[in-house]
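**Student:** Provided below for reference: sequence and predicted model.
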Amino acid sequence: MRIAVASGKGGTGKTTVSANLARVFGSQVQLLDCDVEEPNAHLFLNSDLISQDIATIPVPEVDEALCDGCGECGRFCEYHAIVSFGTKPLVFPEMCHWCGGCMLVCPQHAIREVDRRIGTVETLQAGNITLIQGRLDIGVVMAPPLIRQVKDRATDNLPIILDAPPGTSCPVISTIGGSDFVLLVTEPTPFGLHDLTLAVDMVRQLGIPFGVVVNRMGVGDDRVHAFCLSEGIPVLLEIPDDRQIAEAYSRGRLIVDALPQYRNLFERLRAKVTAMVHEVRGQLVAAKGGSR
C-alpha cells in the first residue's frame, strides 16, 4: 500500500501528517521523504543512519577524436542539452534528461554516458519507521530523478508513506505517481482553499483516489469544508489549532508522542485510508472480472 501526502502549498503540515501517520501504523512502515530540496522528516524522528549512497544520472560525454561535428545529437535533443556548431558538441549536463537518445543517433558512436552526481539517498531507522530521504546537491535544478531513486529504495512488502514536495509541479507528480491514495493537506484559509483546488485538479487528472486533511482547524473559515462538500471530497482528519501541537512541533516531537490524546486521530486516519484503499482495490478486481 502506497499513501502519498501532498498539498498545493508549503507549510500546511504534510510532514506532520506523514510522520505521525507512520508512527501509529503499529507495524513496520516505510516513510519516504521526497521533498529532496529540503527534507525535514528526520527532524521529528530519533533515527539512526543505516546507509548513505551517492545518487547519479547518466549524461553524455563526447569523444572529440571520433566526432565529425555532424550535429545529429543536437537535432535530436529537445532540451538543448547538447549542441553542435560543426565542431565538437557542447554539453550542458544540467539540462540533460538522461534519455540516451544522443548516444543512439550518433553515426560515429562518438558519445558515451558518464555518471553525474545529483545528490544522496539516505536510509535511517526510527523504531517501526524506515525513513528513506533524498538530499539534492546545491546547484542541481531537477528533483524528479532523485525522487525516483528514493522511491526505488522502497520495498513492496511493507506499507509506504510518501511525503511529497509542496505544490503541483513535476516533483510532486513524480512523487505521487503510482500511489494507491493521496492525502491532500490544507488549512482553512483563503490561500489554503486556493491551493487545495489546484491539488485536487492534479490528483483527478492522475486518477488517484484522495481525501483531505484540514490542519490548524479554527484559524480561518468554513470555505474549505464547503468546497469539499460540494465536490464530494471526504475530509478524513481535522487537526485543531492547538498551542501544544505548535510547541511540540517546535521541539521536533511528533504529536502522537508528545500529546497522546491526539493519537486516536491519526489511528482513525490510518483505518479510514486503509479501508478506502481496500475498497478501491476490490472495485478494480470486480471490474476486471466483469470485463472478461
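**Tutor:** Nice, thanks for sending it over.

**Student:** what segments of the protein are helices?
**Tutor:** With helices called from DSSP state H, the chain shows them at 14-23, 72-76, 101-105, 144-152, 170-176, 190-206, 223-231, 243-250, 255-258, 263-290.

**Student:** and the chain, what are its domain boundaries?
**Tutor:** Per automatic domain parsing, the structural domains of the chain span 2-55+119-290, 57-116.

**Student:** just put those domains in JSON lines and tack on mean pLDDT.
**Tutor:** What follows is the domains of the chain, written out as JSON lines (pLDDT from 0 to 100):
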{"stretch": "domain 2-55+119-290", "mean pLDDT": "94"}
{"stretch": "domain 57-116", "mean pLDDT": "93"}
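
**Student:** would you turn those domains into TSV with mean neighbour count?
**Tutor:** Heads up, the C-betas are built off the backbone N, CA and C, glycines and all. Compiled in TSV, those are given as follows (neighbours: other CB atoms under 10 Å):
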stretch	mean neighbour count
domain 2-55+119-290	18
domain 57-116	16
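
**Student:** could you dump the helices of the chain to JSON lines with distance to T123?
**Tutor:** Compiled in JSON lines, the helices of the chain are given as follows (distance: least, CB to CB, whole Å):
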{"stretch": "helix 14-23", "distance to T123": "14"}
{"stretch": "helix 72-76", "distance to T123": "37"}
{"stretch": "helix 101-105", "distance to T123": "32"}
{"stretch": "helix 144-152", "distance to T123": "10"}
{"stretch": "helix 170-176", "distance to T123": "18"}
{"stretch": "helix 190-206", "distance to T123": "27"}
{"stretch": "helix 223-231", "distance to T123": "36"}
{"stretch": "helix 243-250", "distance to T123": "25"}
{"stretch": "helix 255-258", "distance to T123": "22"}
{"stretch": "helix 263-290", "distance to T123": "23"}
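
**Student:** ok, which of the ones you listed comes nearest T130?
**Tutor:** Smallest distance to T130 across these (CB to CB): 9.2 Å, for helix 14-23.
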